[in-house]
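Enquirer: can you look at this prediction? I've put the sequence above it.
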Amino acid sequence: MQVLAHWDFLGKNPEYFAGVVFAIDQLLATFSPGIVASGLLDESAHVITARLVIGPRLAFLDSSFAAGVLIGSVLIDVDHVPLLLLKLPMDSAEDRPVSHSLLVPILVGAISTTTRGRVQSALLGVATGTLCHFMRDLSCGGIPAYWPFTRRLIAVPYAVYAVSILGLATRMMIANRRSPNLPSGERSLNACRALTDQGVSAKGSIVLAGLEDATQCTH
Ligand SMILES: [Zn+2]
């Protein structure tokens, strides 16, 4: 999938993209770029956050799971749209949607147990991506993590998020240095080969025809 290849690209220079997250947050804190621009900037930071959480393991992940993480990292904010249309404020405790509850990834994870194959991988990815989303929102006003038991927002200082981003970026930089000079797609293909060589998938086959999109490793 081409989108995943682009997402993989974010992992090639994690230090830059960690800086992008901090720049976005500084921008949002200093200016009011408008609802649409703020939303786009914030979702971009969510995507980068999830990419940093996944870290150097993206090449080893099932593409359905990786796609699920990417989608889950932003999907939960879709419920902001009705609030935007009604022009309601978004930053107060009362207005952060209850979808930002731990109940959501738990339910998605539970539903995944009733499925199999790629659907199960995708749902597990969505649950993981939602948790990545919460990681950022915890430091940006908090989330109603324990809804429906309480509507109270759970929050952490921004410094916790900042240190986490720096730590994740550092981990990825170290991993990248261990396998330097490999384009992301090539690194993914090598990962697929390694998995197949190790017999992880007895029926595994590598989609060599799609070298430019080497994240596709069928099992
Ligand atoms: Zn959110």
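Expert: Received it, and whenever you're ready, just let me know what you need.

Enquirer: please make it C-alpha for all contacts and neighbour counts, starting now.
Expert: Fine.

Enquirer: what comes up buried for stretch 26-35?
Expert: Buried residues in stretch 26-35, counting neighbours by 16 or more other CA atoms under 10 Å, are found at Leu28.

Enquirer: same check, this time on stretch 160-177
Expert: Under 16+ other CA under 10 Å, the buried positions of stretch 160-177 are 161-162, 164-166, 168-173, 176.

Enquirer: show me where this protein has helices.
Expert: Shown for the chain, the helices assigned by DSSP state H span residues 2-10, 14-30, 35-54, 63-75, 80-85, 103-112, 117-137, 158-178, 184-197.

Enquirer: how much space separates the residue nearest to the spatial centre of the chain from Gly72?
Expert: Most central in the chain under CA atoms, centre = their mean is Ala50, positioned 2.5 Å from the mean C-alpha point. Separation of Ala50 from Gly72 (CA to CA, to the nearest Å): 9 Å.

Enquirer: quick one: Val156 and Ala145 touch, right?
Expert: No. Judged on CA atoms under 8 Å, Val156 makes no contact with Ala145 at a distance of 12.0 Å.

Enquirer: give me the more crowded residue out of these two.
Expert: Ala145 (22 against 16; other CA atoms under 10 Å).

Enquirer: for the more buried one, give me phi and psi.
Expert: phi -60, psi -30 (degrees, to the nearest 10).

Enquirer: contacting residues around Leu166?
Expert: Going by CA atoms under 8 Å, 6 or more residues apart in numbering, Leu166 touches 15, 18.

Enquirer: hmm, 7 Å instead?
Expert: When contacts are counted by CA atoms under 7 Å, 6 or more residues apart in numbering, Leu166 touches Ala18.

Enquirer: same question, Leu153
Expert: 93, 142-145.

Enquirer: ok, now Ser64?
Expert: Here Ser64 is in contact with 118, 121-122 (criterion: CA under 7 Å, 6+ apart).

Enquirer: repeat the analysis, applying 8 Å as the threshold.
Expert: 118-119, 121-122, 125.

Enquirer: related to what we said a few turns ago, among the contacts of Leu153, which has the minimum pLDDT value?
Expert: Lowest pLDDT of the contacts of Leu153: Ala93, 43.
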